[in-house]
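Novice: Okay, structure incoming, though there's no sequence with it:
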């Protein structure tokens, strides 16, 4: 192995990950804004009115990507929690903590927009449907994780306790995804699948994909910003953190 080999674990330290996260967060934030504008324009202006549900169907351009992100982010949170437990990696625990609030936000948005969609479609704001109930449990898992790690003063104990909760709670994700198959529910099946042709017009699919990419970019932006904040808070006496704080006013003054 030569000295030119890629150092795969170079960014596993908060000190080396901090500047990378700042760059990625800035780029992702710009992409999120652009993709959101494009997705909303295609979904709410260009896409045709649905023959069955009318204009109410347009909520899917927010509801479906938010539901996807709520499940995906929980899996990622559980993954980094497992890595943290297995390798005792501080950055893994930091990433898990940074993901939780954004995952909870997407879960809330999915439930809220689902209720808005359910009223004209089902005639009620809420039913104890298998998918809705399991998605609500996901919100409770996010909230429980956030509350648990915040309630324990010792950082290491809090990280490990939260990691165990995140890993155990991950069993709820496949229940959410397969609930419409396993049980007879009111919730419709998947409109987009990797194994079947899309059940919607191409312009509708484009709007869905644009909003999904927008939510992805937003998640990267806010999670990496939060990761930087947590890393600074934990290493507030470290030399790299002191240097990062000292440089921040200079950068802000230069940009203004």
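Specialist: Great, that's in hand. In this text, all values refer to a predicted model and were calculated from it rather than measured experimentally.

Novice: so where's the protein uncertain?
Specialist: 1-13, 51, 121-122, 125-126, 179-200, 237-256 (pLDDT under 70).

Novice: Now do the helices in it.
Specialist: 14-41, 60-87, 90-122, 130-151, 155-169, 172-182, 202-234, 239-255 (DSSP state H).

Novice: So for residue 49, which of those helices sits nearest?
Specialist: Nearest of the helices of the chain to residue 49, taken as CB to CB: helix 202-234 at 10.7 Å. Where you see a C-beta, it was placed from the backbone N, CA and C, and this is true even at glycine.

Novice: So which elements touch that closest one?
Specialist: Judged by 3 or more CB pairs under 8 Å, 6 or more residues apart in numbering; DSSP states H and E, the packing partners of helix 202-234 are helix 14-41, helix 60-87, helix 90-122, helix 239-255.

Novice: Buried residues in the third one, which are they?
Specialist: If I follow you right, that is helix 90-122. Neighbour-count burial for helix 90-122 flags 90-111, 113-115, 117-118, 121 (criterion: 16 or more other CB atoms under 10 Å).

Novice: between it and helix 14-41, how many degrees?
Specialist: 20 degrees (axes from the mean of the first three to the mean of the last three CA atoms, to 10 degrees).

Novice: Now do helix 90-122: which elements does it pack against?
Specialist: helix 14-41, helix 60-87, helix 130-151, helix 155-169, helix 202-234.

Novice: How far off centre is it?
Specialist: 7 Å (CA atoms, centre = their mean, to the nearest Å).

Novice: Make CSV out of the helices of the chain and add distance to residue 49.
Specialist: Formatted as CSV, those follow (distance: least, CB to CB, whole Å):
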stretch, distance to residue 49
helix 14-41, 16
helix 60-87, 13
helix 90-122, 13
helix 130-151, 25
helix 155-169, 39
helix 172-182, 25
helix 202-234, 11
helix 239-255, 44
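
Novice: Out of those helices, flag the one nearest residue 53.
Specialist: Closest to residue 53 of the helices of the chain, according to CB to CB: helix 90-122, at 6.4 Å.

Novice: ok so, going back, in CSV, list the helices and strands packed on helix 202-234 along with distance to residue 48.
Specialist: Formatted as CSV, the helices and strands packed on helix 202-234 follow (distance: least, CB to CB, whole Å):
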stretch, distance to residue 48
helix 14-41, 14
helix 60-87, 13
helix 90-122, 18
helix 239-255, 43
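
Novice: For residue 218, find the nearest of those.
Specialist: The closest of the helices and strands packed on helix 202-234 to residue 218 is helix 14-41. By CB to CB, the value is 4.1 Å.

Novice: list the helices and strands that closest one packs on?
Specialist: Here helix 14-41 touches helix 90-122, helix 202-234, helix 239-255, going by 3+ CB pairs under 8 Å, 6+ apart.
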